[in-house]
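> Here is a sequence together with a model predicted from it:
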Number of protein chains: 2
Amino acid sequence: MATMKDVAKKAGVGMGTVSRALNNSGSVKAETRARILKVIEELDYTPNEIARSFKKQKNKLVGLMVPMINHPFFAELTYFIEDELFKNGYKLMICSSSTDREKEIEYLQMLKKNQVDGIITISYHDIYQNELIELPLVTIDRYISDEIPLISSDNYLGGSMAVEHLINAGCQKLAYVGGEPRYKSTVSDRKRAFIELANQSNIPYTIFEVEEPTIAIMSSEMAYAEHVAEEFVKTHPEVDGIITSADVFAYAVINELIKVGKRVPEDVKVIGYDGVPSLIKMDRQLSTIKQPVEALARQSANVLISLIDGEEVPMQSIFPVEYIDGDTC
Amino acid sequence: MATMKDVAKKAGVGMGTVSRALNNSGSVKAETRARILKVIEELDYTPNEIARSFKKQKNKLVGLMVPMINHPFFAELTYFIEDELFKNGYKLMICSSSTDREKEIEYLQMLKKNQVDGIITISYHDIYQNELIELPLVTIDRYISDEIPLISSDNYLGGSMAVEHLINAGCQKLAYVGGEPRYKSTVSDRKRAFIELANQSNIPYTIFEVEEPTIAIMSSEMAYAEHVAEEFVKTHPEVDGIITSADVFAYAVINELIKVGKRVPEDVKVIGYDGVPSLIKMDRQLSTIKQPVEALARQSANVLISLIDGEEVPMQSIFPVEYIDGDTC
DNA sequence: CTGTTAGCGCATTCAT
DNA sequence: ATGAATGCGCTAACAG
């Protein structure tokens, strides 16, 4: 591999000049620059980014800590985060922790050792408290501390919208069905909105949550949702309006309802949460609260970059959600 | 940030000794090592991986070139590749090219500049021919040249199995439905198997392909599949056995068939391809040919690592597929 | 076993 | 406008 030294020698200039020509720093005579560029071409010279990072102590690298990259919601998020970072000259290192706390800590150390400029996390573990206050950090969907910018969609609004639609559709007995999160996140605001609005409207309701097992692969999340749905439907025949914590639970509940002979939405109305596209289309389009995944992703990237650049950033970025009017409510 | 020099000074030893203690290279007296470790603790020293990569000219970094990270099949593949690489001490840099040729070339240069040790590609562009013969490269699902190891599932076998199941189920008129790939890949072996077996069995058949548009987001792939399905069903009422190039087409075709009043599998049998888990479960479980995604992923990672280490590697790694007996055939 | 030293490729400062 | 020199943090070679 040709180095800058080779280029300098062949072009008959000093290394500093080559460096300046390459980075448009300082000034270089047009003629000299042209000569250098020609030599670079001839030698097929590629700047060594490692050496540059090493020298500048800046890596243009961001780490993304995510529970599972092979989950539609996170995959979508990752896609847009990567795109936004790339547009801004940053590279992305993915850390798919499989929701394993130990693995996540290991990843964190790895990221630090690799001198990432900052981290975006959608993790649900409490490992960011003391570990790396010194590194720029942005969190999605989970409050960590007042020092850490939070990017989230308006979960309270989403929960409210869902309840309103159910009530307007004439439901008399509501239920919130989902996995009981093991760690606190803004997702719980959906449930809070559900409870508060149901109370305000004097409508009876149930909260049905089953503690979430550690999820390694997606198929088991489906299995988990099916398990929850089966238990719920078996024990709550009177409910006629359901909100779920995520779309996967809605799908499972609907399947289960149909299995026991109920009609959706005639007998029971169901509204999901997330609105992530899938390659499978049900005969019935799910009514759901759609999160602005792309906006969340791009904002996360941009806030982090601002943080890295030492600029002022909003400590909370809350995006509105949207009700998708499907066939299940 | 404390550096190795700081550690050496405070521990009263030379830098070399610290380095050896850290890397278990050479030998260090147990006592000395203990002292060094203690100082490292005290100083909260973290080795600078950039400096090390720079010095060793090895980055422990692999690039993954993938059409869309937010596609279930690729997301699943990425998940396992990342896991296998991490287990082996390698980091992964994701390049989600959005099937954009220019962006892909840009990514390639970026990877080279960043001194990746090797690349895994599932790209469908012809940009690897001359560009980087010097870098270890592994390809999934697409033959590039005899020099480049290929990892793939047995697409011919998959196609054969599907045809056999259709014939055994009594189908009289077959069809292969899918997107016409813009670039050559081993996926076409599925179609080849379909044609050859149908001919052997003297069964009439149709190949129905529509040229694939550039796909930016997943929802449009669904839309594309629906378009293809609609056209196909409209123009081929006589077909009673269908194989699709991917599951998404199967789902679309089934929806379309039902829409026009056909029963699946009574009137028409459908077998998909891929078998990637989804969070949505249809009331009807799709019969499909399941690819061993995890095996493909891990083998890709391991072959690349062997290549990087200068070991001998198989030039072709072909994994068997599995027929999933669902409700649509 | 351990200390010292020479670069790895580059950006930057300081002269000129 | 440009050349020479310095050092970023670390590993490996060498000398002891």
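Sure, I can see it. In this text the structure is predicted, and so the values were computed from the model without any measurement.

> By average pLDDT, which secondary structure element in chain A comes out worst?
helix A:218-235 (a mean of 87; mean pLDDT, DSSP states H and E).

> residues making contact with it?
A:68, A:70-71, A:175, A:177-179, A:208, A:210, A:212-213, A:215, A:248-249, A:251-253, A:255-257, A:259-260, B:76, B:277-279, B:281 (C-beta atoms under 8 Å, 6 or more residues apart in numbering or on different chains). No exception for glycine: its C-beta is placed from N, CA and C like everyone else's.

> what about the spatially most central residue of chain A, which SS state?
Centroid-nearest residue in chain A: A:Leu77, 4.4 Å away (criterion: C-alpha atoms, centre = their mean). At A:Leu77 the chain is in helix, as set by DSSP: H, G, I helix; E, B strand; the rest coil.

> so what's it closest to, chain neighbours aside?
Excluding the flanking residues, the one nearest A:Leu77 by C-beta to C-beta, 6 or more residues apart in numbering or on different chains is A:Ala297, at 5.0 Å.

> Could you pull up the residues touching A:Ser97?
A:Met65, A:Val66, A:Pro67, A:Lys103, A:Glu104, A:Tyr107, A:Ser123.

> What does A:Tyr251 show for phi and psi?
Per-residue torsions, A:Tyr251: phi -60, psi -50 (degrees, to the nearest 10).

> where's the residue nearest to A:Leu77 relative to A:Phe319, distance?
11 Å (C-beta to C-beta, to the nearest Å).

> can you check A:Glu212 too?
25 Å.

> got any ranges where chain A has weak pLDDT?
Counting by pLDDT under 70, chain A contains low-confidence ranges at A:130-133, A:213-219.

> Swap in 80 and give it another go.
Within chain A, the stretches with pLDDT under 80 are A:124-126, A:128-133, A:181-184, A:211-220, A:281-283.

> residues in it within reach of DNA strand C, list them.
Taking C-beta under 7 Å from any atom of the strand, the part of chain A that reaches DNA strand C is made up of A:1, A:3-5, A:15-16, A:19-20, A:22-23, A:25-26, A:47-48, A:51-52, A:54-56.

> what number of residues lie near A:Met315?
Around A:Met315 there are 12 other residues, counting by other C-beta atoms under 10 Å in any protein chain shown.

> Quick check: closest non-adjacent residue to it.
Nearest to A:Met315 is A:Pro149, by C-beta to C-beta, 6+ apart, at 5.4 Å.

> Just give me the neighbour total for the one you found.
22.

> quick check, A:Thr32 in a strand?
No: with three-state DSSP as the criterion, A:Thr32 is located in helix rather than a strand.

> wait, it sits on A:Gly16?
No: the pair A:Thr32 / A:Gly16 is not scored as a contact, 11.6 Å apart, by C-beta atoms under 8 Å.

> Between these two, which is the more surrounded one?
When A:Thr32 and A:Gly16 are compared for neighbours, A:Thr32 comes out ahead with 16 against 13, by other C-beta under 10 Å.

> And chain A, what are its domain boundaries?
A:1-57, A:155-291 (automatic domain parsing).

> Quick check: of the contacts of A:Ser97, which has the highest neighbour count?
Busiest of the contacts of A:Ser97 [other C-beta under 10 Å] is A:Ser123, holding 27 neighbours.

> I'd like to check which residues are in contact with that one.
A:Met65, A:Val66, A:Pro67, A:Ser97, A:Glu104, A:Arg142.

> Out of those residues, list just those in strands.
Applying DSSP state E to those, the entries found in strands are A:Met65, A:Val66.

> okay if I get the contacts of A:Ser123 as TSV plus distance to DNA strand D?
Putting these into TSV (distance: C-beta to the nearest atom of the strand, whole Å) gives the following:
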residue	distance to DNA strand D
A:Met65	23
A:Val66	28
A:Pro67	31
A:Ser97	25
A:Glu104	23
A:Arg142	32
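
> List the buried residues of the helix or strand hosting A:Thr288.
Using DSSP states H and E, A:Thr288 falls within strand A:287-290. Burial within strand A:287-290, assessed by neighbour count using 16 or more other C-beta atoms under 10 Å in any protein chain shown, is assigned to A:Ser287, A:Thr288, A:Ile289, A:Lys290.

> ok, it: who's next to it in the sheet?
strand A:269-274 (parallel), strand A:322-324 (antiparallel) (DSSP bridges).

> buried ones in the shortest one?
Counting neighbours by 16+ other C-beta under 10 Å, one finds that the buried residues in strand A:322-324 are A:Glu322, A:Tyr323.

> what's the answer for stretch A:82-99, then?
A:82-86, A:90-99.

> what two of these have the greatest distance between them?
A:Phe86 and A:Thr99 (26.7 Å; C-beta to C-beta).

> Flag every residue of chain A that's near DNA strand D.
A:12-17, A:20, A:26-29, A:31-33, A:54-55, A:57.

> which of the residues you listed count as buried?
Counted by 16+ other C-beta under 10 Å, the residues of chain A next to DNA strand D give A:Val13, A:Thr17, A:Arg20, A:Val28, A:Thr32, A:Arg33, A:Phe54 as buried.

> Show only the entries of those residues found in strands.
Using DSSP E, none of these sit in strands.

> Keep only those of those that are in helices.
The helices, defined by DSSP state H, take in A:Thr17, A:Arg20, A:Thr32, A:Arg33, A:Phe54 from these.

> For those residues, could you give me JSON lines that also reports distance to B:Asn114?
Formatted as JSON lines, those follow (distance: C-beta to C-beta, whole Å):
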{"residue": "A:Thr17", "distance to B:Asn114": "25"}
{"residue": "A:Arg20", "distance to B:Asn114": "22"}
{"residue": "A:Thr32", "distance to B:Asn114": "28"}
{"residue": "A:Arg33", "distance to B:Asn114": "25"}
{"residue": "A:Phe54", "distance to B:Asn114": "12"}
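
> how about those residues, which pair is most distant?
The widest separation within those (C-beta to C-beta) is 26.6 Å, between A:Thr32 and A:Phe54.

> which ones are touching the spatially closest residue to A:Asn48 that is not a sequence neighbour?
Closest residue in space to A:Asn48, ignoring its immediate chain neighbours: B:Gln115 at 6.5 Å, by C-beta to C-beta, 6+ apart. By C-beta under 8 Å, 6+ apart, the residues touching B:Gln115 are A:Asn48, A:Glu49, A:Ile50, B:Ser53, B:Gln57, B:Asn59, B:Leu61.

> So what does B:Gln115 have for phi and psi?
The phi/psi pair for B:Gln115 (degrees, to the nearest 10) is phi 60, psi 40.

> what about it, distance to DNA strand D?
14 Å (C-beta to the nearest atom of the strand, to the nearest Å).

> Up against chain B, what does the stretch 51-200 of chain A have?
A:51, A:53-54, A:59, A:68-72, A:75-76, A:78-79, A:82-83, A:91-94, A:96, A:98, A:109-110, A:112-115 (C-beta under 8 Å from any C-beta of the partner chain).

> And the residue of the stretch 51-200 of chain A that's closest to DNA strand D?
With C-beta to the nearest atom of the strand, the shortest gap between the stretch 51-200 of chain A and DNA strand D falls at A:Lys55, namely 3.9 Å.

> which other helices and strands contact the strand or helix carrying A:Cys95?
Following DSSP H and E, one finds A:Cys95 within strand A:91-96. When contacts are defined as 3 or more C-beta pairs under 8 Å, 6 or more residues apart in numbering or on different chains; DSSP states H and E, strand A:91-96 sits against strand A:61-66, helix A:72-87, helix A:101-113, helix B:72-87, strand B:91-96.

> Next, the angle from that strand to helix B:72-87.
90 degrees (axes from the mean of the first three to the mean of the last three C-alpha atoms, to 10 degrees).

> quick one, helices of the stretch 201-329 of chain A?
A:218-235, A:247-259, A:293-308 (DSSP state H, counting those that start in this stretch).

> Let me know which of the ones you listed is tucked in deepest.
helix A:247-259 (a mean of 24; mean count of other C-beta atoms under 10 Å in any protein chain shown).

> Distance from that helix to the middle of the chain?
25 Å (C-alpha atoms, centre = their mean, to the nearest Å).
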